[in-house]
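Peer 1: What would the 3D arrangement of this be:
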Amino acid sequence: MSYSNINKSSDFFKAVLHNGNGGTQSITGIGHQPDMVWIKRRNGARNHQLQDVVRGITKQLVPNETDAEATNTEKVKSIQSDGFTLGTNQDVNASGDTFVSWNWKANGAGSTNYDGSITSTVSAGITQGMSIVKYTGNQTNGATVGHGLGAVPKMIIIKNLNDAEHWTVYHNKLSPGHQLYLNLTNAQNDDASEYYDTTPTSSVFTLGNSDRTNNVNIPYIAYCFAEKTGYSKFGSFVGNGSSDGVFCYTGMKPAWVLIKQINTTNNWLLFDNKRPGYNLTNNFLEADNTGAEAVNNPNQRMDILSNGFKIRGTGSATNTSGGTYIYMSFG
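Peer 2: Below you'll find the predicted structure:
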């Protein structure tokens, strides 16, 4: 592993499996207090569920849908120093179903940030390069929002909390001025109204006047990620169409990898080191839909290695010859 000031990646990110019981249950063994919790049913079709402490842990979002934020006290009910407590909701805890949760640590409920032209509430984990940012839009082109990371974000995901709008994604390996949508399979598109064709800085990101990122008096949540050696990597690769696929160096053993083809329509594929582990890792979920976990799929699979991952399948979502892909990974 490359030199890192992070001694233990699981202090900041961990994937955990649980079985639903239909009643209240505590999920422990995460190793930190999770400030963002993303849960998906594995053995059947259910929406993804994402909750965080800046909005309030009982405020739900659905990454595969455009839905506005809603309150549900029977999904993630509370968080603790080593996990979280689930309620009776079937999306996260149906009896007899299997689930995975992906858990990130930021820095608690957040504080006021005045770095941008729009004041924000920011929970920033500077060591691990993650911040959760809540702000209210003003529909002004060139408006800026402080993210608190002290480093340039390589990836930003923004959701309008009041309205049915797409989850817009900035990634540093997209073509300049382009973005993706987490809830869609679409290729990258060019729309200056979202990020104003402006690269983020070490203190702020810039917005256009799109309803998806900056409508007047509308609250938004942004999940911002800077790259940290030995813990996270945000990159791209070109597929070769072979089962002896591309090796992507991350500088750490990945625990979670999100991949998306950007030059044509394809799903967002999610791999982790718990479903079923490695190697070959061929159990994946798709971030853009409700589908159950794909098990033993020979076309979409990878080796998770000590310093990166190697594509081993020939499926189009990970390895079309000449296809361009971006990825997001955590150790």
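
Peer 1: Skip ahead from the lowest-mean-pLDDT helix or strand in the chain and say which helix or strand is next.
Peer 2: Least confident helix or strand of the chain, by mean pLDDT, DSSP states H and E, is strand 302-305 with a mean of 92. For strand 302-305, the following helix or strand on the C-terminal side (DSSP states H and E) is strand 308-311.

Peer 1: by contact count, what packs against that following strand?
Peer 2: Helices and strands touching strand 308-311, by 3 or more Cβ pairs under 8 Å, 6 or more residues apart in numbering; DSSP states H and E, are strand 247-249, strand 302-305. Placement of C-beta: from N, CA and C, glycine included.

Peer 1: how about the last one: buried residues?
Peer 2: Residues of strand 302-305 classed as buried by neighbour count (16 or more other Cβ atoms under 10 Å): 302, 304-305.

Peer 1: For residue 179, list the residues it contacts.
Peer 2: 168-170, 188-189, 191, 194-195 (Cβ atoms under 8 Å, 6 or more residues apart in numbering).

Peer 1: Tell me what it is bridged to.
Peer 2: Beta-bridge pairing for residue 179 (DSSP bridges): residue 189.

Peer 1: cool, and residue 52?
Peer 2: Beta-bridge partners, per DSSP bridges, of residue 52: residue 36.

Peer 1: measure it to residue 123 for me?
Peer 2: The spacing between residue 52 and residue 123, counted by Cβ to Cβ, to the nearest Å, is 8 Å.

Peer 1: now residue 83
Peer 2: Where residue 123 is concerned, residue 83 sits at a distance of 18 Å (Cβ to Cβ).

Peer 1: Ok, residue 274 next?
Peer 2: Residue 274 is 25 Å from residue 123, by Cβ to Cβ.

Peer 1: average pLDDT for the helix or strand containing residue 122?
Peer 2: Assigned by DSSP H and E, residue 122 belongs to strand 120-125. Averaging pLDDT along strand 120-125 yields 98.

Peer 1: Please pull up the helix or strand immediately following that strand.
Peer 2: Where DSSP H and E defines the elements, the next helix or strand beyond strand 120-125 is strand 130-136.

Peer 1: Output that following strand as PDB, nothing but the C-alphas.
Peer 2: C-alpha atoms of strand 130-136 as PDB (Å, rounded to 0.1, in the frame of the first residue of the first chain):
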ATOM      1  CA  MET A 130     -15.300  13.200   2.800                       C
ATOM      2  CA  SER A 131     -17.800  16.000   3.500                       C
ATOM      3  CA  ILE A 132     -21.600  16.100   3.700                       C
ATOM      4  CA  VAL A 133     -22.800  19.600   2.700                       C
ATOM      5  CA  LYS A 134     -26.300  21.100   3.000                       C
ATOM      6  CA  TYR A 135     -27.100  24.400   1.400                       C
ATOM      7  CA  THR A 136     -30.000  26.400   0.000                       C
END
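
Peer 1: Partner strands of it and their direction?
Peer 2: Using DSSP bridges, strand 130-136 pairs in its sheet with strand 120-125 (antiparallel), strand 219-226 (antiparallel).

Peer 1: Give me the contacts around the last one.
Peer 2: The reference is to strand 219-226. Strand 219-226 is contacted from outside by 36, 52, 54-55, 61, 69, 129-137, 145, 147, 149, 151-162, 200, 205, 213-214, 232, 234, 328, using Cβ under 8 Å, 6+ apart.

Peer 1: Just the buried ones from those residues, in ChimeraX syntax?
Peer 2: This is the ChimeraX syntax for the buried subset of those, where burial follows 16+ other Cβ under 10 Å:
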select :36,52,54,55,61,69,129,130,131,132,133,134,135,136,137,145,147,149,151,152,153,154,155,156,157,158,159,160,161,200,205,213,214,232,234,328
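
Peer 1: Which ones among the contacts of strand 219-226 map onto strands?
Peer 2: Residues of the contacts of strand 219-226 located in strands (DSSP state E): 36, 52, 130-136, 145, 153-160, 205, 232, 234, 328.

Peer 1: Looking at residue 274 and residue 123 now, which is surrounded by more residues?
Peer 2: Neighbour count, other Cβ atoms under 10 Å: between residue 274 and residue 123, residue 123 has more, with 23 against 17.

Peer 1: A helix includes residue 194, no?
Peer 2: Yes - if the criterion is DSSP: H, G, I helix; E, B strand; the rest coil, then residue 194 is within a helix.

Peer 1: Tell me how far it lies from residue 54.
Peer 2: Distance, residue 194 to residue 54, using Cβ to Cβ: 21 Å.

Peer 1: Fine by me, we can end here.
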